[in-house]
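Colleague: build the 3D model from these lines:
(one chain, ligands or ions: 2)
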Amino acid sequence: MSTSPSDAALPGQPHIAHRAGRLHVEQLPLDALAREHGTPLFVYSTQWMLDALAAYQRGFEGRDALICYAMKANSSLGVLRVFAEAGCGFDIVSGGELDRALAAGADPSKVIFSGVGKTRAEMRKALDAGIACFNVESEAELEVLNAVAIEQDRRARISIRINPNVDPKTHPYISTGLKGNKFGVAHDRALAAYRHAASLPGLEVVGIDCHIGSQITEVSPYLDALERVLDLVETIEQAGIALHHLDFGGGLGIDYNHDTPPAADALWKQLLARLDARGFGRRKLIVEPGRSLVGNAGVCVTEVLYTKPGEDKNFCVVDAAMNDLPRPAMYQAFHQIVPVSERTGGASTTYDVVGPICESGDWIGRDRTLNVAEGELLAVLSAGAYCMAMASNYNTRGRAAEVLVHGDRATLIRRRESLEDQLRTERFD
Ligand SMILES: Cc1ncc(COP(=O)(O)O)c(C=O)c1O
Ligand SMILES: N[C@@H](CCCC[NH3+])C(=O)O
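Modeller: Numbers count the residues shown, from 1 in each chain. Ligands and ions are numbered 1, 2, ... in the order given. Next up, the predicted model:
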């Protein structure tokens, strides 16, 4: 990509725009933020997140619905606080996520707990906190949760996560609702599992749950899963087990590279029409969106360290790497990469944009046409979800800093990690 035109918002990211030759997040120029905090640096737009949330809220207007932000997408406390203050619930998958959500001000009665491998200690902690519901993923987990709840003299509210065997048409690593995936209880075992759950004294059945995958860009897999789940709801309720809420998970995709997922309100308009048609429109609904609430809110700013010609390819070596941005290496994912400042001179060259890590899999973008020079800044787009949340210390690299922008205010929500921070929990004496 050559330099971007002035005063143009980036696709799918209206709060991230080139203005007078400099890339801004809301009102703030990224080069100034990078100078202040160093690179690599994640910068998030609060307004993008609130607008993304508003699309869900519009979709559910007049309905009894709880939006539980799937915090695995981005669990920085500053980001969590934005959603907690907006009244969201949280979908958690570990005791650590519960602690973080509570630290950010989450209301425990709006927290739901998903995941195939909850430990007894995590169950105890969540029961102590008084969470809304455990999304149980196996018959074996029902037994353990029942025992833990009885030990604590409590009843655990539960949904069973159903595996509807529906193809979400996404990357195989992030599809979760096919029968070959480890998630949920198979559709044809669900009634027996519900009957058993209803007989256990430590459990209170309150709902049903389903989550078919991530970065879903079509409506049809959601519609298919919805019909499958509603068929089950009818069967389970005919057996005398009431389901107070229906949880349809998350998974809605974002625009990384000319992707065209439906908007959240448009998606829910269609799903609610089906729910209404089948007589479930007034039932309490839960959703667990992650990526679609944060993905295009964020960019990662990185400095060009070196450009170098190779025999087959040219390389643009930047100071962000697969430890900061693991999605290309893990899923061959595409993130747009744009210069932070427009150049007046120079020429465009096609590069592989790579990080400093000692692996050939450490690439951020392949065959990108860029007009850049050493010392200049690039922005890796769509970096709000599953980037910092999956960052590691590989090659003893410190994790990047994170800044939240709201209008013309910037708040540092995570300072850059030092080697001292990394060594704090290690002992060698
Ligand atoms: C149980 C559960 N709920 C919600 C999500 C959020 O998914 P997404 O970020 O695609 O909305 C995930 C991740 O796929 C998940 O595993
Ligand atoms: N980490 C994945 C999404 C995982 C969704 C969680 N179940 C990604 O970056 O696309």
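Colleague: quick one: residue 316 and residue 304 touch, right?
Modeller: Yes - with contact taken as CB atoms under 8 Å, residue 316 and residue 304 are classed as touching, separated by 5.9 Å. Every C-beta, even on glycine, is put in place using the N, C-alpha and C of the backbone.
Colleague: could you report the neighbour count for the nearest residue to residue 327 once chain neighbours are set aside?
Modeller: Using CB to CB, 6 or more residues apart in numbering and skipping the chain neighbours, the partner closest in space to residue 327 is residue 333 (3.8 Å). Neighbours of residue 333 under the rule other CB atoms under 10 Å: 20.
Colleague: residue 333 reaches residue 254, doesn't it?
Modeller: No - between residue 333 and residue 254 there is no contact, the gap being 11.4 Å when judged by CB under 8 Å.
Colleague: between residue 316 and residue 304, which has more neighbouring residues?
Modeller: Higher neighbour count among residue 316 and residue 304: residue 316, with 26 against 21, using other CB under 10 Å.
Colleague: next up, phi/psi of that one, please.
Modeller: As for residue 316, its main-chain torsions (degrees, to the nearest 10) stand at phi -120, psi 110.
Colleague: mind listing what the closest residue to ligand 2 within the stretch 101-250 of the chain touches?
Modeller: Using CB to the nearest ligand atom, residue 214 is the residue of the stretch 101-250 of the chain that sits closest to ligand 2, at 3.9 Å. Contacts for residue 214 (CB atoms under 8 Å, 6 or more residues apart in numbering) come out as 168, 170, 174, 176, 250-251, 253, 290-291.
Colleague: sorry, back to before: find the residues that touch each one of residue 316 and residue 304.
Modeller: What both residue 316 and residue 304 touch, as defined by CB under 8 Å, 6+ apart, is the set 372, 378.
Colleague: please report phi then psi for residue 300.
Modeller: In terms of degrees, to the nearest 10, the main-chain angles of residue 300 are phi -110, psi 120.
Colleague: what is the burial count for it?
Modeller: Quick note: residue 300 (other CB under 10 Å) scores 27 neighbours.
Colleague: equivalent analysis for residue 220, please.
Modeller: Residues lying near residue 220 (other CB under 10 Å) number 13.
Colleague: any idea which helix or strand comes after the helix or strand bottoming out on mean pLDDT in the chain?
Modeller: Scoring the helices and strands of the chain by mean pLDDT, DSSP states H and E places strand 8-10 at the bottom, with a mean of 81. With elements assigned by DSSP states H and E, the helix or strand that comes after strand 8-10 is strand 13-19.
Colleague: tell me what that next one is packed against?
Modeller: In terms of contacts (3 or more CB pairs under 8 Å, 6 or more residues apart in numbering; DSSP states H and E), strand 13-19 is packed against strand 8-10, strand 22-25, strand 41-45, helix 46-59.
Colleague: ok, 10 Å please
Modeller: strand 8-10, strand 22-25, strand 41-45, helix 46-59, strand 298-309, strand 337-339 (3 or more CB pairs under 10 Å, 6 or more residues apart in numbering; DSSP states H and E).
Colleague: same question for the fourth one, mean pLDDT?
Modeller: Computed over helix 46-59, the mean pLDDT rounds to 98.
Colleague: now it: buried residues?
Modeller: Within helix 46-59, the residues scored as buried using 16 or more other CB atoms under 10 Å are 46-50, 52-53, 55-57, 59.
Colleague: and stretch 66-81, by the same measure?
Modeller: Buried-residue list, stretch 66-81, by 16+ other CB under 10 Å: 66-76, 78-81.
Colleague: from the residues you listed, which are also near ligand 2?
Modeller: Here is what survives when the buried residues of stretch 66-81 are matched to ligand 2 using CB under 6 Å from any ligand atom: residue 72.
Colleague: which of the buried residues of stretch 66-81 fall in helices?
Modeller: 78-81 (DSSP state H).
Colleague: can I get the residues you listed in JSON lines including pLDDT and distance to residue 263?
Modeller: Shown next, in JSON lines, are these (pLDDT from 0 to 100; distance: CB to CB, whole Å):
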{"residue": "78", "pLDDT": "98", "distance to residue 263": "26"}
{"residue": "79", "pLDDT": "98", "distance to residue 263": "21"}
{"residue": "80", "pLDDT": "98", "distance to residue 263": "24"}
{"residue": "81", "pLDDT": "98", "distance to residue 263": "25"}
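Colleague: residue 265 and residue 51 touch, don't they?
Modeller: No - counting by CB atoms under 10 Å, residue 51 is not a contact partner of residue 265; they are 11.3 Å apart.
Colleague: any shared contact partners between those two?
Modeller: Overlap of the contact sets of residue 265 and residue 51 (by CB atoms under 10 Å, 6 or more residues apart in numbering) is empty.
Colleague: pLDDT weak spots in the protein?
Modeller: 1-6 (pLDDT under 70).
Colleague: please list the residues of it that sit near ligand 2.
Modeller: Residues of the chain lying near ligand 2 (CB under 6 Å from any ligand atom): 72, 174, 214-215, 327, 331, 386.
Colleague: now with 8 Å, please.
Modeller: Selection of the chain residues close to ligand 2 by CB under 8 Å from any ligand atom yields 70, 72-73, 171, 173-174, 176, 211, 213-215, 290-291, 326-327, 330-331, 333, 385-387, 389-390.
Colleague: near ligand 1, from the residues you listed?
Modeller: Okay, of those touching ligand 1 (CB under 8 Å from any ligand atom), that's 70, 72-73, 174, 176, 211, 213-215, 290-291, 385-386.
Colleague: in helices only, show me the residues you listed.
Modeller: Per DSSP H, these map to helices at residue 291.
Colleague: before we move on, the earlier item: and the buried residues of helix 46-59, which is closest to residue 91?
Modeller: residue 56 (13.2 Å; CB to CB).
Colleague: so residue 128 makes contact with residue 151?
Modeller: No - counting by CB under 10 Å, residue 128 stays clear of residue 151, with 11.9 Å between them.
Colleague: ok so, going back, shared neighbours, residue 333 and residue 254?
Modeller: In contact with both residue 333 and residue 254: 215, 382, using CB under 10 Å, 6+ apart.
Colleague: what helix or strand is residue 286 located in?
Modeller: Taking DSSP H and E as the criterion, the element that holds residue 286 is strand 284-287.
Colleague: contacting residues for the residue nearest to residue 327?
Modeller: Residue 333 is in contact with 171, 174, 215, 256-257, 325-327, 364-365, 382, 386-387, counting by CB under 10 Å, 6+ apart.
Colleague: quickly note the distance from residue 261 to residue 66.
Modeller: Note on residue 261: its distance to residue 66, by CB to CB, to the nearest Å, is 22 Å.
Colleague: and residue 240, by the same measure?
Modeller: The span separating residue 240 from residue 66 equals 25 Å under the rule CB to CB.
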